[in-house]
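Trainee: Sequence and computational prediction follow.
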Amino acid sequence: MLKWSSKLLAVSFSIAALTACAAPTTTNTASTSPDAASPGATASSPSRLDTIVSRGKLICGVEGTIPGFSFVDSSGKYTGLDVDVCKAVAAAIFGDPEKVEYRNLDSTARFPALASGEVDMLSRNTTWTLSRDSAGGNGLEFAPATFYDGQGVMVTKASGITDLKQLDGKAICVETGTTTELNLATRSTELGIKPNEVKFQDSNAGFAAYQEGRCQAMTSDRSQLAAKRTAFPNPDDHILLDAVLSKEPLGPVTINNDSRWFDVVKWVTYGLMQAEEFGITQANVEEKVNDRSPDVKRFLGGDGNLGKDLGLPNDFMVKAVKAVGNYGEIYERNVGTGSPLKIDRGLNNLWSDGGLMYSPPFR
Amino acid sequence: MLGNLFRNLQQQGRQFNFSFLQSQAGFNIGETIIPYETNSPYYWAFVVGLVNTLRSILVGFVLTTIVGVVAGIASFSDNWLLRQLNRVYVEVVRNTPLLLQLFVWYFAVFFALSQGGQIAQLPGSVFVGKETGLVIPWSSGTSIAWISFGALLVGAIAAYLIWHRRIKLMEEQGASGQREFTALVSLGIVGLLLFLFGLQWEFPRLNDTGGVDGGLRMSLEYGALLAGLSFYTGAFIAEIVRAGIQSVSKGQWEAAKALGLQTGSSMRLVVFPQALRVIIPSLNSQYMNLAKNSSLALAIGYPDIYATFITTQNQTGRAVEGILLIALIYLLLNLIISVLMNIFNRSVQFAER
């Protein structure tokens, strides 16, 4: 036994030494890879889109536990803003918003699940950052943000904390593996404070520990804090600090180097915003197909072949809007005035109303 | 498989190397005992995580051995209540998942001890508070305390040598061993005095602002992890100890009795040393299980090396390199445990004559 263990020990040491030497050679061979995905080749190269069409349903990664964004309601159905984006994409491809299979993913499982092809896309409050987008980082593609969020801090009223600086030396609960964790570290370095961070892999465990009083503060995206607070026994005992720690543009995500599939997700998302701009709603979308405006007609597939160019049915936006409504309707229903969250539209308004939601032209 | 991996990585335009370890980590680690800054490099974050892991594993080994051996021997007790309690403990703990037990320790036991945001005082000057954590009496760490600690160590070694010499004299020369016995007793008394007063125990107390001063401070996460690991592995060790003792043939008990030894003495001098031969090899795998199970710390917010890896791979996207790295670290850790246990094992085996 001793002999074997010692040998294995020796082998593992030598492997460690070998990998250290082998690293430079692999670098050279890998550096040529971006050329392989030249733009001309993508139209004919195999795409995730073909897989989805032949499978007959879309597999969408969601968070699954945030009311308003993705949550299983009392009848066992997924609802929320993120879920509606999945439904819109499914409706655009299949004409049926129910052809979606949802997978609940926590913050650490989401990227490996996407990279391994376990899910086709993420619609799971994921912040768009350079390191996640770049090939050298996580190697993902970010569709336009469907929700502009910012990181906030929630504290109990009893703690008397009103300012970030008062967090010095106080315990604060964080979800690990998120941009939240980094932003907190950066802002506390800037402010010269040292909060005591308690990190949880599962946001529910984090919120539970906060509610139990393990931490005096909890940090996460403001929308998430507001959403979770509605489920607390006494929501009025908790307040959101005014300080916003970061920019958090949240949006759907697909894998790198698959432009055909990425374009579908990107333009369906834009289409929802464009529909609101055109005044196309769930109720009137079918009449609007014969609208006098050539722009609207082209957008809904009554003219031209925008949908076909994407590899979709030409009336894909009719199906998507019919299924979930335009962006404004999705927002109000899930997180706005029509929901318990009542989050002001603010940055999430259309560009014409002072917000950031802006779709490039459908032409 | 390796070829496949490299091809896939290439397709995603990513390179396989460990250079990310040199760049700034940029995240904080809640609990550290060696210095760590937000802008420390990733490899240092891994070291800090490893130290945290080792801290839970090593203390866990000691605690779980004590729990396991006591529970194992208790299953032979003449006391009915003790036997039944022991059985309930072993069966319940052995047959439920560790993750569940960790949540129970963390959310149900430790949080319940300090209900309503108050700092609770337990018997023996132990304080529990949600933010304060667990505070226990501890040596104050002055130079006198360190000298006493050194003296205790030297004394323990001396006592061990004298005890051996006494047995040898008694066996070979049939001496009474009275002289050595007196020496041992006096050493014991000096040791006890040093332990009680020389170490300068510092008892934690509540201060005016509602905090706790003095003593050794551990976070609730660390406390819950230790408790969970020790009692979980302890239940398995208890069964191993029980099996080991049962494996010693009944004749040995009877022979010991015939020589006029008490039950306690026959267990200690005759049966247990023979049982060790059976116990040690299985104990080895239990220690390894404890080392591996410590990675569940993440679930209750204790920053061990696995938690560090999770954050790192999420920020850098280096899942393959990170997995390799921590797999290698856990492998090394367990091989070292295995080698040490094997050395120990050889020392208790029968010397063939």
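Mentor: Cool, got the structure.
Trainee: roughly how far apart are B:Leu290 and B:Arg242?
Mentor: Going from B:Leu290 to B:Arg242 by C-beta to C-beta, to the nearest Å gives 19 Å. All C-beta spots, glycine's among them, are computed from the backbone N, C-alpha and C.
Trainee: if you count what's nearby, which of those two comes out ahead?
Mentor: More neighbours surround B:Leu290 than the other of B:Leu290 and B:Arg242, with 24 against 21 (other C-beta atoms under 10 Å in any protein chain shown).
Trainee: wait, is the more buried one part of a helix?
Mentor: Yes - counting by DSSP: H, G, I helix; E, B strand; the rest coil, B:Leu290 is found in a helix.
Trainee: Touching, it and B:Phe231? I think so.
Mentor: No - taking C-beta atoms under 8 Å as the definition, B:Leu290 is not a contact partner of B:Phe231, at 11.1 Å.
Trainee: Can you show me the helices along the stretch 1-150 of chain A?
Mentor: Counting by DSSP state H, counting those that start in this stretch, the stretch 1-150 of chain A has helices at residues A:2-30, A:48-55, A:81-94, A:110-115, A:130-133.
Trainee: If you could redo that for the stretch 201-350 of chain B, that was the one I meant.
Mentor: Along the stretch 201-350 of chain B, the stretches classed as helices by DSSP H, counting those that start in this stretch are B:220-247, B:250-258, B:263-265, B:272-293, B:305-316, B:319-348.
Trainee: Quick one: mean pLDDT over the shortest one.
Mentor: With pLDDT averaged residue by residue, helix B:263-265 scores 78.
Trainee: can you give me the offset of that helix from its chain's centre?
Mentor: From the chain centre to the centre of helix B:263-265 is a distance of 28 Å (C-alpha atoms, centre = their mean, to the nearest Å).
Trainee: For the stretch 251-363 of chain A, what lies in contact range of chain B?
Mentor: A:255-257 (C-beta under 8 Å from any C-beta of the partner chain).
Trainee: hmm, 6 Å instead?
Mentor: Residues of the stretch 251-363 of chain A that fall close to chain B, judged by C-beta under 6 Å from any C-beta of the partner chain: A:Asn256.
Trainee: Please identify the nearest residue in space to A:Glu332, excluding sequence neighbours.
Mentor: In this structure, A:Glu332 finds its nearest non-sequential neighbour in A:Gly338, 4.8 Å apart by C-beta to C-beta, 6 or more residues apart in numbering or on different chains.
Trainee: Let me know whether B:Gly30 touches A:Glu197 as I believe.
Mentor: Yes - counting by C-beta atoms under 6 Å, A:Glu197 is a contact partner of B:Gly30 at 4.5 Å.
Trainee: Neighbour count for the two, which is higher?
Mentor: A:Glu197 (23 against 19).
Trainee: Can you get me a residue count around the residue nearest to A:Glu332?
Mentor: Neighbourhood size, A:Gly338 [other C-beta under 10 Å]: 12.
Trainee: Check A:Leu105 too.
Mentor: Residues near A:Leu105, counting by other C-beta under 10 Å: 22.
Trainee: Distance check, it against chain B.
Mentor: Distance of A:Leu105 to chain B, given as C-beta to the nearest C-beta, to the nearest Å: 12 Å.
Trainee: Then A:Val62?
Mentor: 18 Å.
Trainee: Tell me the pLDDT of that residue.
Mentor: pLDDT, A:Val62: 95.
Trainee: Report the contact partners of the residue nearest to it when sequence neighbours are not counted.
Mentor: Distance criterion C-beta to C-beta, 6+ apart; nearest residue to A:Val62, sequence neighbours excluded, is A:Ser70 at 3.9 Å. For A:Ser70, the contact set (C-beta atoms under 6 Å, 6 or more residues apart in numbering or on different chains) comprises A:62-64, A:80, A:82-83.
Trainee: check contacts around the residue of the stretch 151-300 of chain B found nearest chain A.
Mentor: For the stretch 151-300 of chain B and chain A, the shortest gap (C-beta to the nearest C-beta) falls at B:Leu298, measuring 5.0 Å. Contact partners of B:Leu298, counting by C-beta under 6 Å, 6+ apart, are A:201, B:306-307.
Trainee: from these, which would you call buried?
Mentor: A:201, B:306-307 (16 or more other C-beta atoms under 10 Å in any protein chain shown).
Trainee: which residues sit in contact with residue 215?
Mentor: No chain in the question, so chain A it is. With the criterion set at C-beta under 6 Å, 6+ apart, A:Cys215 makes contact with A:171-173, A:198.
Trainee: wrong chain, I was asking about chain B
Mentor: If you count contacts by C-beta under 6 Å, 6+ apart, B:Gly215 has them with B:135-138, B:202, B:204.
Trainee: need the strands for chain B, in chain order.
Mentor: Listed in chain order, the strands found in chain B under DSSP state E are B:120-122, B:126-129, B:133-136, B:138-139, B:201-202, B:205-206, B:212-213, B:216-218.
Trainee: Relative to A:Ser159, which of the ones you listed is closest?
Mentor: Nearest of these to A:Ser159, taken as C-beta to C-beta: strand B:126-129 at 14.6 Å.
Trainee: helices and strands around the closest one, which ones?
Mentor: Using 3 or more C-beta pairs under 6 Å, 6 or more residues apart in numbering or on different chains; DSSP states H and E, the elements in contact with strand B:126-129 are strand B:133-136.
Trainee: strands paired with the strand it packs on, and their directions?
Mentor: Paired strands of strand B:133-136, with direction, are strand B:126-129 (antiparallel), strand B:216-218 (antiparallel) (DSSP bridges).
Trainee: quick one: the shortest one to chain centroid distance?
Mentor: Distance, stretch centre to chain centre, for strand B:216-218: 16 Å (C-alpha atoms, centre = their mean).
Trainee: So for that strand, mean pLDDT?
Mentor: On average, strand B:216-218 scores 80.
Trainee: Just the buried positions in that strand, please.
Mentor: B:Met218.
Trainee: neighbouring contacts of that strand?
Mentor: Applying C-beta under 6 Å, 6+ apart, the contact partners of strand B:216-218 are B:133-136, B:138.
Trainee: ok, the residues you listed vs chain A, which is closest?
Mentor: Distances from chain A to the contacts of strand B:216-218, taken by C-beta to the nearest C-beta, are shortest for B:Gly133, at 9.4 Å.
Trainee: can you give me the strands for chain A?
Mentor: Taking DSSP E as the test, the strands found in chain A are A:58-62, A:65-66, A:70-72, A:78-79, A:100-104, A:121-127, A:140-142, A:147-149, A:151-156, A:171-175, A:196-200, A:217-221, A:238-240, A:248-255.
Trainee: State the number of residues packed around the closest residue to A:Gly150 other than its chain neighbours.
Mentor: Leaving aside its sequence neighbours, A:Gly150 sits nearest to A:Val244 (C-beta to C-beta, 6+ apart; 4.0 Å). By other C-beta under 10 Å, the residues close to A:Val244 number 15.
Trainee: thought A:Val244 was touching A:Val153?
Mentor: No - using C-beta under 6 Å, A:Val244 is not in contact with A:Val153, being 9.2 Å away.
Trainee: distance of the closest residue to chain B within the stretch 151-300 of chain A from B:Gln10?
Mentor: Closest to chain B within the stretch 151-300 of chain A is A:Gly177: 3.7 Å, counting by C-beta to the nearest C-beta. Distance from A:Gly177 to B:Gln10, counting by C-beta to C-beta: 25 Å.
Trainee: Show me which of these two is the more surrounded one.
Mentor: A:Gly177 (25 against 19).
Trainee: Spell out which residues sit in contact with that one, please.
Mentor: Contacts of A:Gly177 (C-beta under 6 Å, 6+ apart): A:107-108, B:310-311, B:314.
Trainee: Please consider this matter closed, and thank you.
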